[in-house]
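> Next comes the sequence, and after it the predicted model I'd like to discuss.
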Amino acid sequence: MKNVVVRGVLGLLVLALTLLLHNPAYALSLSNFSGNFAAGTDHVDVTVGNDGSGNTTITVQWVAGSSGLTPIGVDTFFYDTDTSLTSCVPPTTTTGCVTSVNLGSWTTNFDGSTAGGGFGDFSSHKNLDSASTNGTSSALVFTLNGTPTFDGGNPADATDFAVHVRYGEGCSGWFSGRTAGTSDETGQCAVPEPTTMLLVGSGLVSLGVSGRKKLKKRMGA
């Protein structure tokens, strides 16, 4: 009986190792941006891997670049498979459906398949958390049921994903590996102009000089 248990455990370990070896994790960068401000070199890293049990994991992480803005969080995520996922209501056994997200309260798989930012249609669905503050300081991990085939085949590439990031001051936009289209972001992004920044800096310097002169006069009095 003991030998049977040992062989069973070894078999599971071999299976897990086989899955890991045949489905190694790989990283992609979403650097094309469409939004209501200039994102500079900000981008989103996406890592596709597996959980060791035959399910696909997609890790989403915003990466700071040269925009100089502080992000609030990732609130929308698109991924593109070779089939349309028409029913992903939990609990689901449909291959490619999101079964869990590690952070936040996400509404699973809307039927709408058009991403914003002019990045076009995605054959699968989006997951949305309108109040999400995740995906910036802490990575989001989406677990998909089974091993779906991404659009154009596996491994996936950056054109299979689009991510919407909200920043402060009304700034927001989409990152993808696809060519950006016309931005559909609404609202005004209050990014300080370089000249405004310079004037503010000059004002602070003047205040500092004036304060030092007043202090010297008082000390000399």
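Yep, it's here. Numbers count the residues shown, from 1 in each chain.

> what about the strands in this structure?
Listed in chain order, the strands of the chain (DSSP state E) span 26-30, 32-35, 43-50, 56-63, 71-79, 98-101, 114-115, 120-121, 126-128, 140-144, 161-167, 172-176.

> right, and residue 155 touches residue 48 too?
Yes: under the criterion of C-beta atoms under 8 Å, residue 155 makes contact with residue 48 at 6.8 Å. C-beta coordinates here come from the backbone N, C-alpha and C atoms, glycine included.

> shared neighbours, the two?
residue 26 (C-beta atoms under 8 Å, 6 or more residues apart in numbering).

> And these two? Which one has more around it.
For residue 155 versus residue 48, the count of surrounding residues by other C-beta atoms under 10 Å is larger for residue 48: 23 against 12.

> Ignoring the adjacent residues along the chain, who's closest to the residue most central in space within the chain?
In the chain, the C-alpha nearest the mean C-alpha coordinate belongs to residue 60, at 4.1 Å (C-alpha atoms, centre = their mean). Once flanking residues are discounted, residue 60 sits nearest to residue 140: 4.4 Å by C-beta to C-beta, 6 or more residues apart in numbering.

> burial measure for that neighbour, as a count.
Residue 140 - counted by other C-beta under 10 Å - has 25 other residues nearby.

> got a list of what it touches?
Contact analysis of residue 140 by C-beta under 8 Å, 6+ apart lists 59-61, 74, 77, 101-104, 134.

> Restricted to buried residues, select those residues in PyMOL.
The following PyMOL line selects those of the contacts of residue 140 that are buried, judged by 16 or more other C-beta atoms under 10 Å:
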select buried, resi 59+60+61+74+77+101+103+104+134
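
> Pick out the lowest-pLDDT one from the contacts of residue 140.
Across the contacts of residue 140, the smallest pLDDT goes to residue 104, namely 87.

> Now do the helices in this protein.
2-22, 194-220 (DSSP state H).

> Quick check: which of the strands of the chain is nearest to residue 88?
Across the strands of the chain, the minimum distance to residue 88, taken as C-beta to C-beta, is reached by strand 98-101, at 6.6 Å.
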